[in-house]
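K.L.:
Following is a predicted model, sequence given first.
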Amino acid sequence: MNWSRTYEKAFIAKSIALSPMADESRLSSVIDDDGNLFGVINVVDALVVLLVLAVAAAGAALLVPSGDSETRYVTIELGPQPDFTVEQIGVGDEADIVTNADTDEETTAEDALQITDLYLFPAEGDGDQEGDVSVIVRAEIEGDQIAAGDSTTIGVGGEALRFGESLQIETTDYVASGTVTAIEEDDADITTEEETFVVQADVDRRVAGNVEVGDTYQIGDSPLVTVESVSEYVTDDRDTRRVVLGVSAETRVAGETAFVGEQPLRTGADLSIRTDTYDVTGEIIRTGSTQEPGTPDTRELSVTVDELSPTRTNALQAGMTEDVRDSVTAELLAVTDRPAEQVLESGGELVVREHPRDREVDLTIETSVREQQDGSIQFRGDSLAIGEDVTFQFGDVIVDGELRDIDQ
């Protein structure tokens, strides 16, 4: 016996039996001996079809075109663009919108978009980008009003406009593709604010020499980034300098976060600062100011340098100064030296003897520091602590020694 078909027939029979007019002949006319509804379709298959139709009807009820048009203001991130495209894009441009541009379902909404604002910034990368400038546009889009629950959205090319959707905009002068990152009912402008911050970076000495107050990165008539202050410090590598740049920039605001290009403006974050002549990537060490954290001050340091050659030792004289960018950053107050010690093995034992040539040198140095609100001392972007190494350059001599003491 076919138990599944018997069960199906019993199920239908029970349902029909609820009616006072149900009889065996009516049941036989609805479901045959093989369990087919009206002799055509299996009962289980019919239930599945009804379920699919119910789901489709519910979806259609969620997004129902009203026949009216409606406007939204949309942010579209176009990403890096070739220079010739950037030169063509402008506020007021009217464009067609192409959806599903890479598929056989491509649709075009003609003159549906008008650019209302632009935000341009240097493209990230090392030359593999399409161009030097990334583009974000704010655009007014007119589409078919679509009911979505208790609110409305718009349809473009027959589909609801959604976050993350890829759109291609086409004018007679250019074609550009991007991603929808914001959809709003008003506000035709991209929210921007001028922010100040400080970036610290270790760079090639030649790059550091090119950094000047007033350097800008300019796109069109508007400067995006301007260097407001510069501090430069010696490092333990002759070919590397530490630069601390106070910067003002036109930032794009999304929610409560300000962005320089695509990079969030937060203390501790890495940020690339590009001007017309160089590109510097460093760490944001302060926001809301163009000055280094802390109050300028001086400290007298006792520094010991091990195993310095006699030539370099003799070149160090009290009164020498460390000069960077025409400013005195340190002064050598006193120099004393003695033979350096070396550890040798003799007769199976380790013995300490004087080095036949090298000297151990004690230096007293007055140097610029910055005192922090918590009382700690910052020295060239790092905390100053006894036992750590510090570096200075007096004339042509770079000395890297251990900090032994700090006096007021």
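P.N.:
Good, I have the coordinates.
K.L.:
can you pull out the strands in the stretch 151-300 of the chain?
P.N.:
Using DSSP state E, counting those that start in this stretch, the strands of the stretch 151-300 of the chain run over 151-156, 159-160, 166-170, 175-184, 192-204, 216-219, 222-234, 240-254, 257-260, 263-264, 270-274, 279-287, 295-308.
K.L.:
so Y119 touches R252, yeah?
P.N.:
Yes. Using CB atoms under 8 Å, Y119 is in contact with R252, at 5.1 Å. All C-beta atoms are positioned from the backbone trio N, CA, C, and that covers glycine.
K.L.:
residues shared between the contacts of these two?
P.N.:
Counting by CB atoms under 8 Å, 6 or more residues apart in numbering, the residues touching both Y119 and R252 are 136, 190, 192.
K.L.:
can you give me phi and psi for T311?
P.N.:
Per-residue torsions, T311: phi -60, psi -50 (degrees, to the nearest 10).
K.L.:
closest to Y233 among the shared contacts of Y119 and R252?
P.N.:
Nearest to Y233 among the shared contacts of Y119 and R252, counting by CB to CB, is T192 at 32.8 Å.
K.L.:
Assign a three-state SS to E345, would you?
P.N.:
Classification of E345 using DSSP: H, G, I helix; E, B strand; the rest coil returns strand.
K.L.:
contacting residues for the most centrally placed residue in the chain?
P.N.:
Closest to where the C-alpha atoms of the chain average out (CA atoms, centre = their mean) is Q263, at 3.0 Å. Q263 makes contact with 269-272, according to CB under 8 Å, 6+ apart.
K.L.:
could you redo the last one with a cut-off of 10 Å?
P.N.:
Residues near Q263 by CB atoms under 10 Å, 6 or more residues apart in numbering: 121, 124, 251, 269-272, 281, 284.
K.L.:
same thing with E354?
P.N.:
Residues in contact with E354, defined by CB under 10 Å, 6+ apart, are 338-342, 360.
K.L.:
so which helix or strand takes in it?
P.N.:
For E354, the element it lies in under DSSP states H and E is strand 349-371.
K.L.:
buried ones in that strand?
P.N.:
Going by neighbour count (16 or more other CB atoms under 10 Å), the buried part of strand 349-371 is 358-361, 363-365, 367-371.
K.L.:
swap in stretch 314-322?
P.N.:
Within stretch 314-322, the residues that count as buried by 16+ other CB under 10 Å are 316, 320, 322.
K.L.:
what do you get for stretch 215-232?
P.N.:
Neighbour-count burial for stretch 215-232, counted by 16+ other CB under 10 Å, picks out 215, 217, 219, 223-232.
K.L.:
Report the rounded mean pLDDT for it.
P.N.:
For stretch 215-232, mean pLDDT is 87.
K.L.:
Distance from the chain centre to it, please.
P.N.:
Relative to its parent chain, stretch 215-232 has a centroid offset of 19 Å by CA atoms, centre = their mean, to the nearest Å.
K.L.:
and stretch 142-159, how far apart are its ends?
P.N.:
End-to-end distance for stretch 142-159, by CA to CA, to the nearest Å: 13 Å.
K.L.:
ok so, going back, who wins for neighbours among the shared contacts of Y119 and R252?
P.N.:
I136 (22 neighbours; other CB atoms under 10 Å).
K.L.:
Now do the same contact list for the closest residue to it other than its chain neighbours.
P.N.:
Sequence neighbours aside, Y119 is the residue nearest to I136 in space, at 4.4 Å (criterion: CB to CB, 6 or more residues apart in numbering). The contact partners of Y119, taken as CB under 10 Å, 6+ apart, are 75, 77, 134-138, 189-192, 219, 224, 250-252, 259, 261.
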